[in-house]
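Peer 1: sequence unavailable; structure follows:
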């Protein structure tokens, strides 16, 4: 079995691998974190610890899922707030985790209602032996508007609370950002101005996932009512990657250390976050669905990816894709590429024909007798919707042609993507 | 264009294998993984597929089983992992063999090189026979640092994999790929060698007899009959010719009801023999062939008549009687194929067998340098059991020669 060094340095702390449980229901106590460590996670961001005076009182039930066709957990909606255990219990667990797992990274997530809370909590978790602090400025389902994402959208408050945390602790600190904001850059910069060493993002996206059609109320139903709350899982991955890209390309933030969060469940997701600038990776939703064991395939798959890429350290991959994502106006619009149909693979289902007619440019002809599609290049715009809907991978990229009035050599155009081919035919 | 005889059932695509993997319940303490005679861990590799880690899936399969791509195609999974599958409680089991085939195809497509030769311990083992048990024994020993010489009486390696299982179930190319992996690990295969006749084994630190049951049994009444061919000869003849054989008969009668008989009958249909009738000693409720093979044979259009034994033959005309009923049938046919079992020949090999099997458990003989494995060892006579026995005899040799230490 392949074996490679997955270790990373993040905010001055050594991680044996970049995979962390994010601050959430999945790392709510010592036993959970210990099991996760035993199964191979590199660290935990222990479920957010709040001030003594803030009482947690959760609803029941508290989760919902978005599905599509046969796929469960396309997205996941969660009402749960921060840790419900007492401050003393949480600090005790942090201390024991660090004692029993000295080589794993224990990050304390904290959340206060005012400067004093933040400073005190920072002090307490530092004394308990945490390796790092994450400021939760982003939980969208708190029962207090002085906490969570309402704070994270206000750069002034963000800076003030970061300063308070830095007063209380000299540990490395990351500020966890909310995606419920048009532009994350001002809030991220404010946190850095306040002393944050890096950013964790994204927290969950405010959502109403499903409506019960008989009771006319969102899900989950809590005694006849429901609330907006955070949405996570695979469905939010594109939103998370977009925020990573915008942070890493903002002036002054090009080297921003990021702990990436948002829909990671496979090694491919993990590699995408790394290429977009994340150094560590935080996971919850897929753990809630499948358990801690998923880290095995994420680690092993990432090792194979490193081998394929001839990379010895993950640091060589961090942010490599950022420079290749450019404003839409900067893209080459001088050519189009026609799809190519492999007749041996085609099973004659006609899905490409339907999608091309109804969703694109009526550029696929359908032979009723042979049940075979063909491309009408006089109409085809090269959108490749047909490639995406083909269930057997029979449609790939074919001939490149320059548009009339443009210069350039079709052979120089880079269109290859492993996503447009199937690993095994 | 491959012929009907050569054509394998289609494999999964990336999309469809994910659909099948998504049906898997990802059980805790998965029953499938406890049901494989060779110790394969389907729960682990299906989970890897589900999480898009195809290389990790390939490692899980290959490190456990040097015949991974072969077992994916020929294993009667419905008796083992798929029988245990929890999904059966909802509808039907996960197609574990199919997923394994996809993963091992991917392994080959990516030219993955998973098995590693162990650091040399200076010891040299001879293996007699290059069937699945001999090959697995070689793979395990090579990984432990032994040098391995394999002695094969035929001109190609693979034993029954090569000469017995029809092309449409197990392409020759797959057998080549699997054997090449073991050759690349360092196995030396010596072809066209019969032990005791051509060479002796004195130069080796141990000898493993893995000869299998390669000789066809004959029923006395059919001896010398020009219309009669044994299943072993027929399958080898068709496979070597890739299905392109002369004088394809218009009709054929197959005698026998095991997996080999099913292969013969289905092969005949794939060669476009119009009437293929298989007469079977057992009745359906006591059938020997795997359910999958039986279903495929019936689907191919073979007429299977259960409960009949041949009582008389006159040239190309055979008379059968039912074992319990007062019923008799006489069939005139162009070709009679006997699939009534195979026997072992261990002459000059230092292993005593009775009814095709060594009459004690384990893999050792009275001679401390001579071991045995495969069909002549106790246990089932399938490829997956050959893998199990191959791994087991390699462990016994390692214990005996090095006390299990490196």
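Peer 2: Right, received. Where do you want to start? Note that this is a predicted model, so its numbers are computed, not measured.

Peer 1: so which bits of chain A are right by chain B?
Peer 2: Taking C-beta under 8 Å from any C-beta of the partner chain as the test, the list of chain A residues beside chain B reads A:1-2, A:70-71, A:265-268, A:290, A:293-294, A:296-298, A:300-301, A:304, A:391-393, A:422-425. No exception for glycine: its C-beta is placed from N, CA and C like everyone else's.

Peer 1: which among the residues you listed count as buried?
Peer 2: Buried residues within the residues of chain A next to chain B, counting neighbours by 16 or more other C-beta atoms under 10 Å in any protein chain shown: A:2, A:265-268, A:290, A:293-294, A:296-298, A:300-301, A:304, A:392-393, A:422-424.

Peer 1: show the contacting residues for residue 391.
Peer 2: In the absence of a named chain, chain A is used. Listed by C-beta atoms under 8 Å, 6 or more residues apart in numbering or on different chains, the contact set of residue A:391 reads A:347, A:349, A:351, B:13, B:15, B:16.

Peer 1: actually, chain B is the one I wanted.
Peer 2: Neighbouring residues of residue B:391 by C-beta under 8 Å, 6+ apart: B:38, B:39, B:136, B:137, B:140.

Peer 1: report the two of those separated the most.
Peer 2: Largest separation among the contacts of residue B:391 by C-beta to C-beta: B:39 and B:137, giving 15.0 Å.

Peer 1: more crowded one of those two?
Peer 2: residue B:137 (34 against 13; other C-beta atoms under 10 Å in any protein chain shown).

Peer 1: just the element for that one, please.
Peer 2: helix B:132-143 (DSSP states H and E).

Peer 1: now do residue B:179
Peer 2: Going by DSSP H and E, residue B:179 is in helix B:172-185.

Peer 1: what's the spacing between that helix and its chain's center?
Peer 2: 15 Å (C-alpha atoms, centre = their mean, to the nearest Å).

Peer 1: tell me the mean pLDDT over it?
Peer 2: The average pLDDT within helix B:172-185 is 97.

Peer 1: so that helix versus helix B:132-143, what angle?
Peer 2: If you take axes from the mean of the first three to the mean of the last three C-alpha atoms, to 10 degrees, helix B:172-185 sits at 30 degrees to helix B:132-143.

Peer 1: which helices and strands does helix B:172-185 pack with?
Peer 2: Applying 3 or more C-beta pairs under 8 Å, 6 or more residues apart in numbering or on different chains; DSSP states H and E, we find helix B:172-185 packed against helix B:68-74, helix B:132-143, helix B:160-163.

Peer 1: show me how chain A divides into domains.
Peer 2: If you go by automatic domain parsing, the domain ranges for chain A are A:8-324, A:332-420.

Peer 1: just say which of those is most tucked in.
Peer 2: Compared across the domains of chain A, domain A:8-324 shows the largest average neighbour count, a mean of 20 (mean count of other C-beta atoms under 10 Å in any protein chain shown).

Peer 1: still on that earlier bit, flag every buried residue along the helix holding residue B:179.
Peer 2: Buried, per 16+ other C-beta under 10 Å, within helix B:172-185: B:172, B:174, B:175, B:177, B:178, B:179, B:181, B:182, B:183, B:185.

Peer 1: could you look up the next helix or strand downstream of it?
Peer 2: Counting by DSSP H and E, the next helix or strand C-terminal to helix B:172-185 is strand B:188-190.

Peer 1: strand partners (parallel or antiparallel) of that next one?
Peer 2: The strands beside strand B:188-190 in its sheet (DSSP bridges) come out as strand B:147-151 (parallel).

Peer 1: ok so, going back, deepest-packed of the helices and strands packed on helix B:172-185, please.
Peer 2: Ranked by mean neighbours (mean count of other C-beta under 10 Å), the helices and strands packed on helix B:172-185 are led by helix B:132-143, with a mean of 29.

Peer 1: list the contacts of the spatially closest residue to residue B:76 that is not a sequence neighbour.
Peer 2: Distances taken as C-beta to C-beta, 6 or more residues apart in numbering or on different chains put residue B:290 closest to residue B:76, at 3.7 Å, once the chain neighbours are dropped. Counting by C-beta under 8 Å, 6+ apart, residue B:290 touches B:76, B:78, B:79, B:259.

Peer 1: could you do residue A:375 as well?
Peer 2: Counted by C-beta under 8 Å, 6+ apart, residue A:375 has contacts A:338, A:339, A:340, A:341, A:363, A:364, A:365, A:398.

Peer 1: now for residue B:284, how many residues are close by?
Peer 2: 11.

Peer 1: distance of it relative to residue B:291?
Peer 2: Separation of residue B:284 from residue B:291 (C-beta to C-beta, to the nearest Å): 11 Å.

Peer 1: before we move on, back to that, strands - which of the residues of chain A next to chain B land there?
Peer 2: Among the residues of chain A next to chain B, the ones falling in strands (DSSP state E) are residue A:71.

Peer 1: among the residues of chain A next to chain B, which ones are in helices?
Peer 2: Assigned to helices by DSSP state H, the following of these qualify: A:267, A:268, A:290, A:294, A:296, A:297, A:298, A:300, A:301, A:304.

Peer 1: per-residue confidence for the third one?
Peer 2: Translated: residue A:290. The predicted structure scores residue A:290 at 96 on the pLDDT scale.

Peer 1: next one: the fourth one
Peer 2: pLDDT for residue A:294: 98.

Peer 1: the first one too?
Peer 2: Reading off the confidence values, residue A:267 has pLDDT 97.

Peer 1: please name the nearest non-neighbouring residue to it.
Peer 2: Leaving aside its chain neighbours, residue A:267 sits nearest to residue A:301 (2.8 Å; criterion: C-beta to C-beta, 6+ apart).

Peer 1: cool, and the third one?
Peer 2: Taking C-beta to C-beta, 6+ apart as the measure, residue A:290 lies nearest to residue B:26, with 6.4 Å between them; neighbours along the chain are not counted.

Peer 1: do the same with residue B:239
Peer 2: In space, and not counting its chain neighbours, residue B:239 is closest to residue B:167: 5.8 Å by C-beta to C-beta, 6+ apart.

Peer 1: mind checking the SS state of the one you found?
Peer 2: What DSSP: H, G, I helix; E, B strand; the rest coil gives for residue B:167 is coil.

Peer 1: tally of neighbours for it?
Peer 2: Residue B:167 is flanked by 25 other residues according to other C-beta under 10 Å.

Peer 1: pretty sure it contacts residue B:240?
Peer 2: No. Taking contacts as C-beta atoms under 8 Å, residue B:167 lies outside contact range of residue B:240: 9.9 Å.

Peer 1: returning to what we had before: could you name the helices and strands sitting against the helix holding residue B:137?
Peer 2: In terms of contacts (3+ C-beta pairs under 8 Å, 6+ apart), helix B:132-143 is packed against strand B:124-128, strand B:147-151, helix B:172-185, helix B:383-402.

Peer 1: cool, thanks, talk later.
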